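Asks: can't give you the sequence, but here's the structure:
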């Protein structure tokens, strides 16, 4: 029997759309590893991440390290759930390079959730205190300005999750 092709799971959605919840579920599959950007950033740069500009700089640094690691995991036959936001064409191009270099399959999970639902979830998440970052409404607005839904022309295998 042929072993299954390793899969790179990507997630696209605004803050508090449910990306981390979904990635946790996907990572429960056998031979599957979860890599969470928020987890790594919070532990590597606990005192340096104070603004959107810091996030852009530090997440780029993290991608430089994680990219080859993701490719190696996929080549080793493991599936990877990449809990990094695939929220811009540039980030999705980086992710495409990973599964193409590894010769792996992919699915882009798109959580299509309206802003107001995300804001409600964000406020509840902040109140519960269980997430690495507690974004404010202003930070939600600043980051959401950069959000670009996946376009069919990008050529991804997209699984869309409508408003939850």
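Replies: Sure, I can see it. These figures come from a predicted structure and were not determined experimentally.
Asks: contacts and neighbour counts: CA atoms only from here.
Replies: OK.
Asks: What secondary structure category should be reported for residue 84?
Replies: Following DSSP: H, G, I helix; E, B strand; the rest coil, residue 84 is assigned to strand.
Asks: got a list of what it touches?
Replies: Counting by C-alpha atoms under 8 Å, 6 or more residues apart in numbering, residue 84 touches 10-11, 35-38.
Asks: so what's residue 161 up against?
Replies: Residues counted as contacts of residue 161 (C-alpha under 8 Å, 6+ apart) are 109-112.
Asks: from the residues you listed, which is closest to residue 16?
Replies: Nearest to residue 16 among those, counting by C-alpha to C-alpha, is residue 111 at 9.9 Å.
Asks: so the closest one bridges to which residues?
Replies: Judged by DSSP bridges, the bridge partners of residue 111 are residue 161.
Asks: what's it in contact with, if anything?
Replies: Residue 111 sits next to 11-14, 17-19, 160-163 when contact means C-alpha under 8 Å, 6+ apart.
Asks: tell me, what residue is most central in the protein?
Replies: residue 84 (2.5 Å; C-alpha atoms, centre = their mean).
Asks: Can you check the pLDDT for it?
Replies: Residue 84 is assigned a pLDDT of 95 by the prediction.
Asks: repeat for residue 134
Replies: On pLDDT, residue 134 comes in at 68.
Asks: Identify the residue spatially nearest to residue 112, adjacent ones excluded.
Replies: What sits nearest to residue 112 in space, not counting adjacent residues and going by C-alpha to C-alpha, 6 or more residues apart in numbering, is residue 162, at 5.0 Å.
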